[in-house]
Each structure stands twice: as C-alpha cells, then as structure tokens.
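>>> Generate coordinates for the sequence data below:
(2 chains, ligands or ions: 2)
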2 protein chains.
Amino acid sequence: MEELDYLADERKTAQFDVESMKIVWAGSQHVFDVSDRISRLVASDPAFRKDNRTMLSRKELFKNTLRKAAHAWKRIIELRLSEEEASKLRFYVDEPAFTDLHWGMFVPAIKGQGTKEQQEKWLPLAYKMQIIGCYAQTELGHGSNVQGLETTATFDPESDEFVINSPTLTSSKWWPGGLGKVSTHAVVYARLLTDGQDHGVHGFIVQLRSLDDHLPLPGITIGDIGMKFGNGAYNTMDNGVLQFDHVRIPRSQMLMRVSQVTREGKYLQSDVPRQLVYGTMVYVRQTIVADASCALSRAVCIAMRYSAVRRQFGSQNGGPETQVIDYKTQQSRLFPLLATAYAYRFVGEWLKWLYTDVTERLQANDFSTLPEAHACTAGLKSLTTSTTADAIEECRKLCGGHGYLCSSGLPELFAVYVPACTYEGDNTVLLLQVARFLMKTVSQLGSGKQPVGTTAYMGRVEHLMQCRCDVQRAEDWLKPSVVLEAFEARAARMSVACAQNISKMPNPEAGFAELSPDLVEAAVAHCQLIVVSKFIEKLQQDIPGKGVKMQLQVLCSIYALSLLHKHQGDFLSTGSITPKQASLANDQLRSLYAQARPNAIALVDSFNYTDHFLGSVLGRYDGNVYPKLYEEAWKDPLNDSVVPDGYHEYIRPLLKQQLRTARL
Amino acid sequence: MEELDYLADERKTAQFDVESMKIVWAGSQHVFDVSDRISRLVASDPAFRKDNRTMLSRKELFKNTLRKAAHAWKRIIELRLSEEEASKLRFYVDEPAFTDLHWGMFVPAIKGQGTKEQQEKWLPLAYKMQIIGCYAQTELGHGSNVQGLETTATFDPESDEFVINSPTLTSSKWWPGGLGKVSTHAVVYARLLTDGQDHGVHGFIVQLRSLDDHLPLPGITIGDIGMKFGNGAYNTMDNGVLQFDHVRIPRSQMLMRVSQVTREGKYLQSDVPRQLVYGTMVYVRQTIVADASCALSRAVCIAMRYSAVRRQFGSQNGGPETQVIDYKTQQSRLFPLLATAYAYRFVGEWLKWLYTDVTERLQANDFSTLPEAHACTAGLKSLTTSTTADAIEECRKLCGGHGYLCSSGLPELFAVYVPACTYEGDNTVLLLQVARFLMKTVSQLGSGKQPVGTTAYMGRVEHLMQCRCDVQRAEDWLKPSVVLEAFEARAARMSVACAQNISKMPNPEAGFAELSPDLVEAAVAHCQLIVVSKFIEKLQQDIPGKGVKMQLQVLCSIYALSLLHKHQGDFLSTGSITPKQASLANDQLRSLYAQARPNAIALVDSFNYTDHFLGSVLGRYDGNVYPKLYEEAWKDPLNDSVVPDGYHEYIRPLLKQQLRTARL
Ligand SMILES: Cc1cc2nc3c(=O)[nH]c(=O)nc-3n(C[C@H](O)[C@H](O)[C@H](O)COP(=O)(O)OP(=O)(O)OC[C@H]3O[C@@H](n4cnc5c(N)ncnc54)[C@H](O)[C@@H]3O)c2cc1C
Ligand SMILES: Cc1cc2nc3c(=O)[nH]c(=O)nc-3n(C[C@H](O)[C@H](O)[C@H](O)COP(=O)(O)OP(=O)(O)OC[C@H]3O[C@@H](n4cnc5c(N)ncnc54)[C@H](O)[C@@H]3O)c2cc1C
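Ligands and ions are numbered 1, 2, ... in the order given. Predicted structure coming up:
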C-alpha cells in the first residue's frame, strides 16, 4: 500500500532541495545526523509517549515524568550516548523535568563559580546523577532584584560552618525547578554575613534531602508551589518552595571561585575577574535564543501544514474550496513567522560563536567586548522569547477552532513556552539594561571611543542621522544594503532621540526612568537590527544546495520588510524612510508572499521534526488531519461512559424537576 | 481587630468618589444593586467554590460543573430570581457550562427562527429545563463557511419526516457546547433537500437523547471532543461530536419562521424578512463585547493591585523598595489596558442601545441601518476580543513569575477567554466583512447616498482627506475634537487608499483578495475610531459623582493617545499627523500616566469584583498576597506526601545507580 500523503502536491511545488535546507537549519551535517537519529529513537520508543499528557492528574503526570527521566538516563547509559547525544535525547523527550535544572543550572553554576577542588568533589557526583541538584535563587519576595534576596548565610567561626536561614516568609525560596520533590542538593543564593557584615549575595551548595530515604534534612521545609499555566505543560516540573531554619553547612560549601571566606572568617576577593559570571549568562541566554527558534518553528510547522489541509469558502462549480493558506491575510500572518523562525535560527547560531569568542577573550583577560556581548544577549533573549510566545498563540488562532483543542499541540506549546519571557530575566527588565548600554554608547560617541560589535553602526551616527533612503521602486527593497541602512538609521535615531530627551531632564536618572517606555522601544529597534544584520551576513556565506540560498533570501526579505511594516511608525517618525517608501515595502512584501507560497510546506519540512516531537494532529506530516482528530477525541476519559458520571445526581433531577428535594 | 488592608494607602489617594464610579461602570444604580447582591450571594455559597478547579481530573471537573449548574438552578427557583438575576447568577458562578448554550443559543435560536406554534411548544419546556438544548452548527470540516456544511436533512413526503444524515466524516458536528454529555435536544443546521433540490442550510430541532435514561437515540452517535486549552478553563464544558445515521424527525421540527416545507414537500419563503437573523447576530455580538470588558477589567484589576503590592529594586538607605506600579514601563503597559476596559464598557453599553434601535426599525420594516449595524458589531466583536485576549496575557506577564501560577487566576482567565477570538466568527473573517462594507461605502460616496451611523464620518471624506491636524503643544491632544478628527482622518484615508489600490487591479474581487491584509488594517482603524468616538460621546453626558468625570476624561485620553502611539505608522503614513505631533502625543501620554497613578487602585476597585469572582491570590482586595500564595501552594496534591509517589521506582534507582536492572 502506498503511504498516505495529503500534502504530496504541496511538496512537489518546492523550488529547492529540502535535504540541503535541513542541513542549513541544523547548522551542520553532523548536528543534523545526531538530531535525526536521536529524534527517531525517542519517537519510536513507546516509553516516551506523550499524547496522553493532558488527561493525567497532577500526580500521575509528575510520576510519569519521573519515569521518563529515569528511562532516558537508562537509555543514555545503555547506548553509551555522548554528552551531545544525551542532551539531544532530553530535548526530544520534550517535557520539562528536574534534569533540565540539574544539567542546565546546577552543574554550570558549580563549573562557573566553584573552585577547582569544589569542582573535583561535586561534579563527578553530579555527572553520574548520584546527587540531583537545582538552582535556588528566586524567593517569594524577590526575583528580578537578586541583590534584594533575604536568605542569610552567617559564618560561624566556632564551628567553621555557615548557618543558612530564612528570616521571613518572603525569604522562602520559590520557583526553583526540581526543588519541590526531587533534588537532593541545591545551589542556594543567600546574603553572606561574616562578623556582622553583609557582603551581598553568594552561592552555596546545600544538601536538602537524605540520600537514604529522600526526607528533607532537619531544619528544611520543602514543597511544590502548585499548578501552573496549562494542562500538562510545566506541571511536569516540581517548582518548589524551600525554607531554612538555621541549617548548618561546612564552610567548604560556599562557591569560592570569585570570593572566599577564610577559616578565620575573613572575606576575600580572589583575582579571578568577577566578570566571569557574565560568560555564564551569555551561555545560558544563547541556549534560550536557540530554544526560541525551535518553539517558533514547531508552531509554524503545525499552522502551515494545517493551513494547506484546511479548506474554507471559495468553491467554484462544486470544486474543492480554497486552502486557507491561499488567503493573503493568512499568509501575511503566517509567512513572517516562518521567516522569523529562520532568522532566530541564524542569530542563535551566531550567538554560539559569540559565546566562544567571549570565552576566549576572557581567558586572555580581554574584557573589552563583554558589556556589548552582555547587552546583546540580554536583548536577544528578550526579543526572541517575546516574539515567540506571541507567535505560538498567533499560530494557534490561525488554526481556527481546532487550534483550541489540546490535540493540536499548540495550547501546551504555548503554556510551556511563555515563562521564557520571565525566567532568566524579565523581558522588560532586560530591555532596560540594553537601553542603559545604548545610552552609555551614545554618550561616549564624542569621546573617540569606538563602539564595538553589534553597536559598531553607532560609530557612523553622523551619517545615519542624515542619510536618506533611496528606494524608488518596490524591488529596491530587495537590496540588503538598503534594508540594513534603514534599520540602522531607525535604531540610531531612536537611541539618539532618547539621549537628547534625557539630557533635557533635570537629572539623568530621573530622565531615564521617565522616558523608559521610549527607551524600551529603542532597545527593541536595536535588537531587531541585530537579527536582520545577522540574517544578511548569513546570506553572504556560501550556501550549497539547489535553490536553498534563493529561498533564504526570500525569507530574509520577508523578515525585514514585515518588521518594517509592523514598526512603520518608528521608521516614519524618525524620517528613516518616507511614507511612499513604506508603501513600496508593503507592495514588495506581497510579491514575496507569492514567491514563498509554493515552497511553504517544504520550508517547514526542512525543520525535520518527527510527528512525535510536533505532538500535533493538525501538524501531521501526512496531512491526515480529520480521521485522527476524530480518533483522538474518543480517548478523553469523559467518553469512558455514554451517560456521564453525575447524570443521576445532577442532570436527571433537573430534567425531572426534582431539584427542590435533591442534595447537591 | 481591624481588617487587614495593605492597599489602604493606595485607596486614600483617590481623587474621585469610588461609589459613584461603581454605578457608572455598572451602567445604572439598578444594575449595580443586582450585580452586587448576586455576586455576594455566589461568593458566600461554598457550593460555588472554584479555587480547587485546576487540581481536578477532567471527569471530576465536569461532574463538579454539573453539580454547580444544578445547584444554581435550585437556588434560582428557591429564591424566585428574575430572569436578570438568574443570568447574573450564572455569570458570577464563572464556569463555562451547558447552560450557557441552552440559554444563550438554543432558546434564542427557537425564538428567532421558530414559528409562533414552535415557540409555544418548545420554549416552555426549555424555560423549565425539562429539555436541555445546544446549538449544533459547526462541523469537523466547516466552521467559518456555514454554507459549506455537509449534514443533510432530506424531506420524505411518504412519512412527512426529515431524514437527518451525516454523509461524511467531515460532516460530523464538532464543537457544540453542551452536546457531548448533557443536551437532550439540539438545533441542528443541515442542508435542506426536497425532491432532489438543495435549498441550503436550515435549522432543525432534533432530540438527541432519551428523556428516560439519557442514552443517545437510535442512529445517533455522540461524544466529547476532548481536552481544550488550559487546566480548568473550558474543560468544564462538554463540547461535542455528533453523527446522524438517517435519523427521522417530524416535519414540524424544521424551524419555519423564514422558510417552510409544506406537507407536499414544497419549499416556500415566508414574508418574514430574512434580515431578521442579523438582529440576533447583533444581539449575540453585543453580549460578547460586554464580556470582553468584563474579562479585561478582571485581568487589569489583578495586575494593578499586585503591581501596587509588589516591590522590586530602588530601596534607598534600607527603606522599602519601589512598588513596580511606579515604573513608567509598567504604567505604559498597564494603564492603557485599564483605559481600554472602560472604553469597551462604554462601547458595549452603546451597542445595547444599537440593538434596541435595530430591533425597533426591523419591526417597522426599516432595514436601512442594518448593514451598517451588522458591520459595526462584527468589527467590534473582533477588535474587543482580540485586544482582550492579548491584554490578559500582558497582565499575566506584568505579574512576573507569580503570574504563571494558576493561583494568580490569570492563566485560567486567558485559556477560557481566547476562544472568543474564534467562535461567533473568526476575527479575521469578521474584519474582512467590515472591510467589504467599507469599500462599498467608499464606492457609493460619489452617488449622493449618505453613509449612516458609525460610517457617517465618511460623508466628510473630502475634508478628511486634506485636513491638517493643528496640534502645537502636548496639551492640545486633550481636546476631544482634535483626537476625533485625527482618528477619522486616519480611518478615512486608509479606506480610500485601499479602494484606490483595488481599482488599479484588473478585477475588484482579485484586488480585494490581494489587498486583504491592508483592508484588515483599515477595518481595525475604523473600529478603533468607533470606540474612541463612543467614549467621547459618553463624556458629553452628565456624569454625577465627585471627580468621576475628570477621571474618565483622563482614561479617555489615555485610551486614544496610547492607540495613536501604537499605530503611529497609520497616522504618519496617511499624513493625518506629523512626526512632531506624534511625539507631542507621547509626551502628553506620560503626564496622563502621572495623573492616573494616584487613582489606579480606586479605578479597579470601581469594578466592584468580589475576591471569589476574581479568583486570584495576586488580585486580592486586601493585598495580602504572600501568605496566601504560600497557603495555596500546599494544597497541591503533590504535597500530600513528603516523598513523592514514584521515588522508589524512579528516583532511588537513579541515585543508587541501579537503573540497569530497573523495569521502567
Ligand atoms: C516556570 C518558571 C521557572 C523558574 N525557575 C527558576 C529556577 O529554577 N530557579 C530560580 O531561582 N528561579 C526560577 N524562576 C523565577 C524567575 O527567575 C523569576 O520569576 C524572574 O526572574 C522574574 O522575577 P519576578 O518574578 O520577581 O518578577 P518581578 O520583578 O516581580 O516582575 C513584576 C513586574 O515588575 C516589573 N519590574 C521589575 N523590576 C523592574 C524595574 N527595575 N523596572 C521596570 N520594571 C520592573 C517587571 O517588568 C514585571 O512587569 C522561575 C520562574 C518561572 C515562571
Ligand atoms: C470553545 C469553542 C466553542 C464553540 N462552540 C460552538 C457551539 O456551541 N456551536 C457551534 O456550532 N460551533 C461552536 N464552535 C465552533 C466555532 O464557531 C468555529 O470554530 C468558528 O466559527 C471558526 O471556524 P473554523 O474553526 O472553521 O475556523 P477556520 O475557518 O477553519 O479558520 C482557520 C483559518 O482560516 C482563516 N480563514 C477562513 N476563511 C477565510 C477567508 N474567507 N478569508 C481569509 N481567511 C480565512 C481564518 O482566519 C483562520 O485563520 C466553538 C468553537 C470553540 C473554539
């Protein structure tokens, strides 16, 4: 029997080599091979089934995740997977779990902040999972303001120990993933007090639970903080609450790479530069940007395939109706998101390079690019996560009513994704940091200090303040240099305008605060410029594969021009382009949609996602949507019986008008 | 003991009389009294408890809703509540249930489309709930395109019956609320076939389940379509699937007000105007706009109160940190939403009037305003629901990490609200209808036919195409006439530009399709103008109460100017204002935020929501957030035991490195 493929016709119209594009998307042949192999491994293992997730109670759901995590680890050992393969496996299992924090935060914290001896002691235990760790920073009362944390770690010179304590209700640790039910250890952030002096917030390794019976150690209260957004979603994770009642740990468990407390209780700074912590931040945020392109591409893949299956209106003489993907409104909502997924993929790739670059420089004691790298990653974290969260919901709406069913996969994808806008730095708080860096850059422009990296364009501020866009025909907008200059002019002019307005205020701090909404907009403009410019840079490379580069050029133009249209107000108010030019950009955009249309399905096939990973009836590779939707419906527990539980108590008395006497 | 009120200081700074504002918000003293009384009634009845909703399994959740619905009906009877009171009671119970469709769709469908005899037969049964009905229109394959429905109703003259049939899988009814497990009857939409002729889609009353044992009648297959977005949310509703295998119903059960089938099988049109159905649409959509202002104000109330409680950064000399409500970024995200809630409240009020007006005209056979009223309500449905859905999520983000907890109330509010963007007309499809009406209006401008109602401004198109905004100082933007003209110019110019661009295309239909993304933007501009103008009209009325009108003026300006800022691109590209004027509007906006700040909490208190209705720990009236968050956490079933279920099977073997032998 031939394999069913309702989207075969769509695949035939592609004008490029899909297999080559898959390599471009993956980043390299090697990464493609590993991803492809591991994703199929996960998809074919019934132990990793996830389609029943939304029907489980919290307890069942959580237990199920424990089972999967153990099974994953078992497979990792049995198959002797490399670190890269193991992390891909966890990725494709696609369920938030305590292991995320263990590998993603606990281990890196010890690596980044622990001394050599500390690393030698703790990392082998962690690598073998003989201990499980989490990252306990946020408290009930403080998240964004880390310096305001209230937990204390008081050095007791008598016993050579720290006393960890939660002095107030608001000092309870609150949110750490993996804490609530699983972790045996945590890196706990607390105010270091020696001899009555407060040295600010430092990290400590604290054992939380007995390795024998898993009970919390004396003086420690731990629990789960309860249900979160969505059905399955993040409820597989035991985000936890933690309180210390004068819990003692040895002095050696303070993370001492950057500063130490001596046996006598003296507080010392080591000669390791404090900026090192920024290196870790750049690393973590770079993974968040990569995750954004994954989540976004998943949502786009689902909405794109379903839009090609779904038909509504437009039947002529009894023929088939129009595929909704052919409506220009659908295209104008969906194609920019497709382009954004590719744009974020490439900027993520570049951030990986940036992290390596920063690390090398740090090792050579060169801190010159660090502030710029820090601002850039903070900004890109904010931009990509905000856009992705909104885009997933837009993709859901693009699927009409059926997008609201859990079997579409989109509600859960949204619910599990949105906290990325909040954790690792609230997105608004991060943009304000970017803005602060931009204002500093502007203020130093006269000083001869040349801005570096992603702010290098500011060095041409004089030109950018007065340059005029010379687009005269719609096609002129296809020139990368034209697009780039328009984005540079917009970003530079917005920053300069903010700086000028601040300088009119009585004092700069108050001015910054007062103008912060404008500053956030300037920061966004700066970050969008980065993404556009990295996409353009990518296209200056050699990209093999029939038609591949051509498609990427179309996507790059769609990305840039759809942003330009959406933020027209910025471009026009700064005079970076004229209304006529804005309108030409819009015309060009429409013809780009027409060019993308025959390639639309192939461009989402290039993500190479398995049906298991997509987890969506609407996004199935074969487009066989309706019979499968129907099948899924019957699995709901409510369908276990024809007459629902509660009929006799509540429906029948209602219909029979016997409610008065009923006990409800 | 004094009552705790952490927000007391905030309440003291209010510059207006909150009790008077409550009346304005409610619409009248009478509505306020009823709402206030019924909301307290519900809040104080433990049977209506809802804080445990997210912890229940689907079956428990659903059974619980059946219980509440029965209890609500019992109370309605016991207390002899009026229709108004009963509907308020259902509203404050705040849980989607089969009764929504029974009262909101089944009964109105019979009223609107049934003959007098049919009404006399069915309505008394429905009013007493001796039968329970739902509204079965959408199918697996067709939602937006109602004319494409596939279910058939074939007249059999032999037996004087209709044979209802589902010829394909995609013809299965899919989505109707209350269908899956509860309804005994449905209004089913099906293609009417007589004597081989297809007369298009008509409504039929069909009994689905036995009134004795609740089993589906022969030939009928029914089930629930499965889990939907969110945890509790819409999963209290049994949206269902329904298939007919040649089910027979008497001829008298076709809804025959507008067209009939005679005993002989002849298809006749009655002299009742078909436009009547639009009256019902205006009615239903008006309630949706009212619901939008409720959902939005709820979310704003939660975020506003929590923003006054939450402090982060900015501590000076060990003093308290800054309340996050004092950050201008927080204000610029939140205050426009507060203003929007009020704006939607007033446009909703006006729509109620419009419905009455349309109904009176229909009765006098005056159809002249119907197309305009129809376009206007379609557009406002789309605008208000899209904005509200996004705004709820924005409010959630404004609460930082804690907004992601179900106990914040915001995740569930979002999940339960978003389908409003899809049901009763997909929002994009609706905007395209508005755009079509606008294009028609523009095309008739030369003909001497004067545009009416909300399109009346188009009659001044010549002036609006060339008028120049004369704002010179920021304060000029406080003049209603200035704001109104800017919004009118923007809307008119966008419509005219679309019309001109369409006329350049080879044929108008293709042109409309090609330019549909621009047309949608023009439609949005038109709808926003309506909301702004109705807010301004409201302020021309006499509004009693100390300082009340003043506050509303501030909110009106915030609403209009924040929209203007957000859509700057429209205003600038059409030349309706200059960049300088846009910047002045932004300056004015900032000082309006400062004016609103001392009144912020009082302005959300004016919604008069009980803590039960808000259902949010973060939004509590007394601001006692942290202890209550802490308390809520411990209720999670995961906290039933200290060591989690699954420890022995999955965590211990992991820690003890005994996975190889474990069975997972
Ligand atoms: C799913 C999830 C998982 C998490 N996992 C962990 C974990 O493993 N370990 C851990 O330690 N923590 C974790 N967290 C906590 C997370 O890091 C914090 O929630 C996050 O840092 C945001 O801080 P907050 O909640 O205090 O937000 P807040 O700072 O309270 O934000 C509230 C509002 O105030 C605004 N605001 C705050 N400061 C300013 C300012 N200076 N200027 C302008 N506006 C401001 C924000 O923009 C926001 O709108 C997790 C959170 C979530 C949701
Ligand atoms: C919670 C919920 C409750 C519901 N309750 C009921 C009920 O009680 N009874 C009932 O009968 N139904 C009910 N429905 C169904 C609802 O009415 C439909 O889902 C809705 O009408 C949208 O139709 P659709 O799902 O076919 O969307 P589609 O039309 O398939 O939309 C998919 C995409 O196509 C686009 N599109 C479609 N047509 C066009 C066009 N002509 N031009 C441009 N773009 C287009 C849309 O914009 C959208 O992006 C419910 C749905 C939900 C989610």
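
>>> and the nearest residue to residue A:114 once chain neighbours are set aside, how far is that from residue A:146?
Among residues not flanking residue A:114 along the chain, residue A:255 sits closest, at 5.2 Å (CB to CB, 6 or more residues apart in numbering or on different chains). (Each C-beta comes from the backbone N, C-alpha and C, glycine too.) Using CB to CB, to the nearest Å, we find residue A:255 at a distance of 15 Å from residue A:146.

>>> Give me the more crowded residue out of the two.
The neighbour comparison of residue A:255 against residue A:146 (other CB atoms under 10 Å in any protein chain shown) goes to residue A:255, with 23 against 13.

>>> how far does stretch A:151-165 sit from the chain's center?
37 Å (CA atoms, centre = their mean, to the nearest Å).

>>> So which residues make contact with that stretch?
Applying CB atoms under 8 Å, 6 or more residues apart in numbering or on different chains, the external contacts of stretch A:151-165 come out as A:139, A:166-167, A:171, A:173, A:188-195, A:202, A:204, A:206, A:244-251, A:253-254, A:261, A:263-265.

>>> hang on, residue A:276 packs against residue A:258?
Yes - counting by CB atoms under 8 Å, residue A:258 is a contact partner of residue A:276 at 6.9 Å.

>>> Can you show me the strands along the stretch 1-150 of chain A?
Along the stretch 1-150 of chain A, counting by DSSP state E, counting those that start in this stretch, strands occupy A:133-136.

>>> Which one of the residues in it is closest to ligand 2?
Closest approach between the stretch 1-150 of chain A and ligand 2, counting by CB to the nearest ligand atom: residue A:54, at 15.5 Å.

>>> so what's that residue up against?
Residue A:54 touches A:231-232, A:406, A:412, B:227, counting by CB under 8 Å, 6+ apart.

>>> returning to what we had before: return the subset of the contacts of stretch A:151-165 lying in strands.
A:173, A:188-194, A:202, A:204, A:206, A:244, A:247-250, A:261 (DSSP state E).

>>> Drop anything exposed from the residues you listed.
Neighbour-count burial within the ones in strands among the contacts of stretch A:151-165 applies to A:173, A:188-194, A:202, A:204, A:206, A:244, A:247, A:249, A:261; the criterion is 16 or more other CB atoms under 10 Å in any protein chain shown.

>>> right, and out of those residues, which lies closest to residue B:397?
residue A:173 (22.3 Å; CB to CB).

>>> Check whether the residue nearest to the closest one when sequence neighbours are not counted sits in a helix, strand or coil.
Once flanking residues are discounted, residue A:173 sits nearest to residue A:242: 3.9 Å by CB to CB, 6+ apart. With DSSP: H, G, I helix; E, B strand; the rest coil as the basis, residue A:242 sits in strand.

>>> quick one: contacts for residue A:242?
Neighbour list for residue A:242: A:136, A:166, A:172-174, A:176, A:179, A:186, A:188, A:208, A:220-222 [criterion: CB under 8 Å, 6+ apart].

>>> If we use 6 Å, what do you get?
Residues in contact with residue A:242, defined by CB atoms under 6 Å, 6 or more residues apart in numbering or on different chains, are A:173, A:179, A:222.

>>> Show me which residues of the top helix by length along chain A are buried.
If each helix of chain A is counted by residues according to DSSP state H, the longest one is helix A:328-363. Using 16+ other CB under 10 Å as the test for burial, helix A:328-363 gives A:328-351, A:354-355, A:358, A:361-362.

>>> ok, the helix or strand following it near ligand 1 or not?
Using DSSP states H and E, the helix or strand that follows helix A:328-363 in sequence is helix A:370-398. No - judged by CB under 6 Å from any ligand atom, helix A:370-398 stays clear of ligand 1, getting no closer than 10.5 Å.

>>> quick one: which helix or strand includes residue A:163?
According to DSSP H and E, residue A:163 maps onto strand A:161-165.

>>> and if you look at residue A:539?
Using DSSP H and E, residue A:539 falls in helix A:516-540.

>>> Send me the helix or strand following that helix as PDB with only the CA atoms.
Beyond helix A:516-540 on the C-terminal side, the first helix or strand identified by DSSP H and E is helix A:548-566. Extracted in PDB, the C-alpha atoms of helix A:548-566 (Å, rounded to 0.1, in the frame of the first residue of the first chain):
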ATOM      1  CA  VAL A 548      18.400  26.900  -1.000                       C
ATOM      2  CA  LYS A 549      20.100  30.400  -0.900                       C
ATOM      3  CA  MET A 550      17.300  31.800  -3.100                       C
ATOM      4  CA  GLN A 551      14.700  30.700  -0.600                       C
ATOM      5  CA  LEU A 552      16.600  32.100   2.300                       C
ATOM      6  CA  GLN A 553      16.900  35.400   0.500                       C
ATOM      7  CA  VAL A 554      13.100  35.500   0.200                       C
ATOM      8  CA  LEU A 555      12.700  34.700   3.900                       C
ATOM      9  CA  CYS A 556      15.300  37.300   4.800                       C
ATOM     10  CA  SER A 557      13.400  40.000   2.900                       C
ATOM     11  CA  ILE A 558      10.100  38.800   4.300                       C
ATOM     12  CA  TYR A 559      11.500  39.000   7.800                       C
ATOM     13  CA  ALA A 560      12.900  42.500   7.400                       C
ATOM     14  CA  LEU A 561      10.000  44.000   5.400                       C
ATOM     15  CA  SER A 562       7.300  42.600   7.600                       C
ATOM     16  CA  LEU A 563       9.100  44.100  10.600                       C
ATOM     17  CA  LEU A 564       9.400  47.300   8.800                       C
ATOM     18  CA  HIS A 565       5.700  47.300   8.100                       C
ATOM     19  CA  LYS A 566       4.800  46.400  11.600                       C
END
